[in-house]
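Q: show me the folded form of this:
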Amino acid sequence: MLKRLIGVVTSDKASKTRRVEVERVFRHPKYGKTVRRTTVCHAHDEGNVSHVGDRVEIEESRPLSRLKRWRLVQVVKTAVGREAGTASEGAE
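A: Below is the predicted model of the structure:
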């Protein structure tokens, strides 16, 4: 079974590659305080369908490049204000 994670796209500047931040929350083993940590994953997005701010599901894969070890499964939720047709069309 391959690992699947859900995270937020933080960069879509490279073609077919997305930088996804996955946040995890845990309790500190000694002090008991709730701690938030983020893990950065580079994921392969074949169709360039995801953009910055989207919540996406990624899955483990074989190494695709020096950094890419994940591939995009689906876009779970699009970013607010980025629905179809609203991005940079009103500047006429």
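
Q: residues contacting Lys3?
A: 59-60 (Cβ atoms under 8 Å, 6 or more residues apart in numbering). All C-beta atoms are positioned from the backbone trio N, CA, C, and that covers glycine.

Q: now do the buried residues in the helix or strand where Val8 lies.
A: Using DSSP states H and E, Val8 falls within strand 4-11. By neighbour count with 16 or more other Cβ atoms under 10 Å, strand 4-11 contains the buried residues 5, 7-9.

Q: so what's the residue nearest the centre of the chain bridging to?
A: Central residue of the chain (Cα atoms, centre = their mean): Val20, 2.9 Å from the mean position. Taking DSSP bridges, one obtains Val9, Cys41 as the residues bridged to Val20.

Q: same thing with Arg37?
A: In this entry, Arg37 is beta-bridged to Arg24, by DSSP bridges.

Q: can you pull the contacts of it?
A: Residues counted as contacts of Arg37 (Cβ under 8 Å, 6+ apart) are 23-24, 26.

Q: can you pick the most crowded of these?
A: Each of the contacts of Arg37 was scored for neighbours by other Cβ atoms under 10 Å, and Glu23 scores highest at 12 neighbours.

Q: how about that one: what's its closest non-neighbour residue?
A: Of all residues not flanking Glu23 in the chain, Thr38 sits nearest, at 5.1 Å (Cβ to Cβ, 6 or more residues apart in numbering).

Q: Val22 is in contact with that neighbour, correct?
A: Yes - at 6.7 Å, Thr38 counts as touching Val22 under the criterion of Cβ atoms under 8 Å.

Q: show me which of those two is the more surrounded one.
A: Neighbour count, other Cβ under 10 Å: between Thr38 and Val22, Val22 has more, with 16 against 13.
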